[in-house]
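Asker: With the sequence up front, the predicted model follows.
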Amino acid sequence: MGSITLKNVKKSFGGVTVIPDISLDIEDGQFVVFVGPSGCGKSTLLRLIAGLEDVSDGMIAIDGEDMTKTAPAQRKLSMVFQSYALYPHMSVRGNIAFPLKMEKAPKEKIDAAVNNAASILNLTDYLDRKPRQLSGGQRQRVAIGRAIVRQPKAFLFDEPLSNLDAALRVAMRLEISELHNKLKTTMVYVTHDQVEAMTMADKIVVLNAGRIEQYGSPLELYQRPANKFVAGFIGSPKMNFVEGAEAQKHGAHSIGVRPEHLTVSRGPGTWSGVVKVSEHLGSDTFLHVDVEGAGTMTTRTSGDVAFKHGETVGLTPVEGRVYRFDAQGMAV
């Protein structure tokens with residue numbers, strides 16, 4: 001079991017409030033991702049759950065038991081950090097086994113746990129190597145293996161892929177998702193990368209200035225954003241926003257259209273503009289179009305589209321795919 005409940009949790013550092021007031025329920029076995037811009041409080045919130053920071057007010061429960069004042073080691077949670085924090089003089093086997101050795105577990109239990117974790121993470125052939133002999137992805141797997149052997153109620157990941165290159169990030173993203181499917185253990189994962197959030201999570205918590213803007217499944221957040229902040233943060237490339245007379249036609253202070261929901265044509269459209277930049281990515285082409293009165297709008301089209309710099313094009317939103325927001329930025 002690994003349910004986590006936060007009730008009116010607050011955190012201040014001196015006179016600065018980082019988490020004003022957060023309540024959240026994470027169900028047993030869920031993969032929940034905290035996402036948001038730098039400084040939004042996502043890592044602080046994870047550290048509060050882990051017990052590495054003390055809450056200023058409120059309550060944190062694990063499996064229904066109040067753990068607010070409990071020491072980190074007693075919470076039965078395992079944390080994986082951005083830095084691998086491996087012992088360079090120890091082998092992979094020694095690094096994975098370290099938490100159990102500290103608990104003075106029997107050798108048979110340690111060996112069985114290490115071999116099991118190594119098998120799950122495809123590290124069996126590397127158990128006698130030192131960390132310096134491993135790639136970045138393999139080192140991160142060792143750090144995860146060290147967390148697995150503790151058999152925690154939940155895994156807490158703090159931007160674990162930030163130090164990896166783009167290809168390794170994709171590979172490790174898949175491996176962590178597969179690991180969750182194998183272990184069925186609660187995972188709470190912090191990232192600033194909304195693509196990681198969308199592809200890995202059962203539920204996403206979008207944070208902004210220490211507040212939860214929305215909590216829901218990836219498709220819920222994509223299809224029904226609660227406000228302009230969520231609409232602009234979830235989705236890549238980000239949503240186009242238009243204010244003024246065009247928005248007023250829709251009975252809104254501002255409207256939003258995702259790049260993939262804008263059709264582009266050489267004839268007239270809802271908006272007319274000039275192509276400033278054309279990004280060819282193979283499968284997709286992103287056109288950045290300068291629209292008078294609306295600024296630069298981005299459209300996502302198929303990879304074989306051949307619009308060029310300086311060309312005048314028409315942009316038309318797909319019916320039913322225009323999002324409306326009021327003056328406070330809330331979805332209408």
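Answerer: Now that the structure is in, tell me what you want to look at.
Asker: So which bits of stretch 116-134 are buried?
Answerer: For stretch 116-134, the neighbour count (16 or more other CB atoms under 10 Å) marks 117, 118, 120, 121, 123, 126, 127, 130, 131, 134 as buried. In short, each C-beta sits where N, CA and C put it, glycine included.
Asker: what does the average pLDDT come to for it?
Answerer: On average, the pLDDT along stretch 116-134 is 94.
Asker: what distance separates it from the centre of its chain?
Answerer: Offset of stretch 116-134 from its chain centre (CA atoms, centre = their mean, to the nearest Å): 27 Å.
Asker: Strands of the stretch 151-300 of the chain, residue ranges please.
Answerer: With strands called from DSSP state E, counting those that start in this stretch, the stretch 151-300 of the chain shows them at 154-158, 186-191, 203-208, 211-216, 240-243, 254-257, 262-265, 271-280, 284-291, 295-302.
Asker: Please apply the same query to the stretch 1-150 of the chain.
Answerer: 4-13, 16-26, 31-35, 57-62, 65-66, 77-80.
Asker: and of those, who's closest to residue 320?
Answerer: strand 31-35 (26.4 Å; CB to CB).
Asker: Tell me the strands beside the closest one, with direction?
Answerer: The strands beside strand 31-35 in its sheet (DSSP bridges) come out as strand 186-191 (parallel), strand 203-208 (parallel).
Asker: Tell me where the stretch 51-200 of the chain is predicted with low confidence.
Answerer: Within the stretch 51-200 of the chain, no stretch has pLDDT under 70.
Asker: Touching, residue 30 and residue 202? I think so.
Answerer: Yes. Between residue 30 and residue 202 there is a contact under CB atoms under 8 Å: 4.9 Å.
Asker: between those two, who's got more neighbours?
Answerer: residue 30 (19 against 15; other CB atoms under 10 Å).
Asker: So what does that one look like in phi/psi?
Answerer: phi -80, psi 150 (degrees, to the nearest 10).
Asker: Test for you: state the pLDDT assigned to the residue in the chain sticking out farthest from the centre.
Answerer: Most distant residue from the mean C-alpha position of the chain: residue 267, 39.4 Å away (CA atoms, centre = their mean). Looking at residue 267, its pLDDT is 87.
Asker: The closest residue to it other than its chain neighbours: neighbour count?
Answerer: Distances taken as CB to CB, 6 or more residues apart in numbering put residue 314 closest to residue 267, at 5.6 Å, once the chain neighbours are dropped. Other residues lying near residue 314 total 16 when counted by other CB under 10 Å.
Asker: Tell me which helix or strand residue 314 sits in.
Answerer: Per DSSP states H and E: residue 314 is located in strand 312-317.
Asker: Among the buried residues of stretch 116-134, which pair sits farthest apart?
Answerer: Among the buried residues of stretch 116-134, 120 and 130 lie farthest apart (CB to CB), at 21.2 Å.
Asker: contacting residues around residue 80?
Answerer: 140, 143, 144, 147, 155, 156, 157, 158, 160 (CB atoms under 8 Å, 6 or more residues apart in numbering).
Asker: switch the cut-off to 6 Å
Answerer: 143, 144, 147, 157, 160 (CB atoms under 6 Å, 6 or more residues apart in numbering).
Asker: quick revisit: tabulate the strands of the stretch 151-300 of the chain (TSV), appending mean neighbour count and distance to residue 84.
Answerer: Converted to TSV, the strands of the stretch 151-300 of the chain look like this (neighbours: other CB atoms under 10 Å; distance: least, CB to CB, whole Å):
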stretch	mean neighbour count	distance to residue 84
strand 154-158	25	12
strand 186-191	24	16
strand 203-208	23	25
strand 211-216	19	30
strand 240-243	20	39
strand 254-257	23	40
strand 262-265	17	42
strand 271-280	16	34
strand 284-291	19	34
strand 295-302	17	36
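Asker: Which positions in stretch 158-168 come out as buried?
Answerer: For stretch 158-168, by 16+ other CB under 10 Å, it's 158, 159, 160, 161, 164, 168.
Asker: sorry, that was for stretch 175-183
Answerer: Buried, per 16+ other CB under 10 Å, within stretch 175-183: 175, 176, 179, 180.
Asker: For residue 93, see how far away the residue nearest to residue 89 when sequence neighbours are not counted is.
Answerer: Closest residue to residue 89 apart from its sequence neighbours, by CB to CB, 6+ apart: residue 130 at 7.6 Å. Taking CB to CB, to the nearest Å as the measure, residue 130 falls 10 Å from residue 93.
Asker: Repeat that for residue 3.
Answerer: 33 Å.
Asker: Of the two, which one has the most company?
Answerer: More neighbours surround residue 93 than the other of residue 3 and residue 93, with 20 against 17 (other CB under 10 Å).
Asker: who touches the more buried one in this structure?
Answerer: 114, 127.
Asker: so how far is residue 110 from it?
Answerer: 9 Å.
Asker: so can I have JSON lines of the strands paired with strand 31-35 showing distance to residue 236?
Answerer: Listed next are those as JSON lines, based on distance: least, CB to CB, whole Å:
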{"stretch": "strand 186-191", "distance to residue 236": "13"}
{"stretch": "strand 203-208", "distance to residue 236": "14"}
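Asker: from what I can see residue 91 touches residue 128, true?
Answerer: Yes. Applying CB atoms under 6 Å, one finds residue 91 in contact with residue 128, separated by 5.3 Å.
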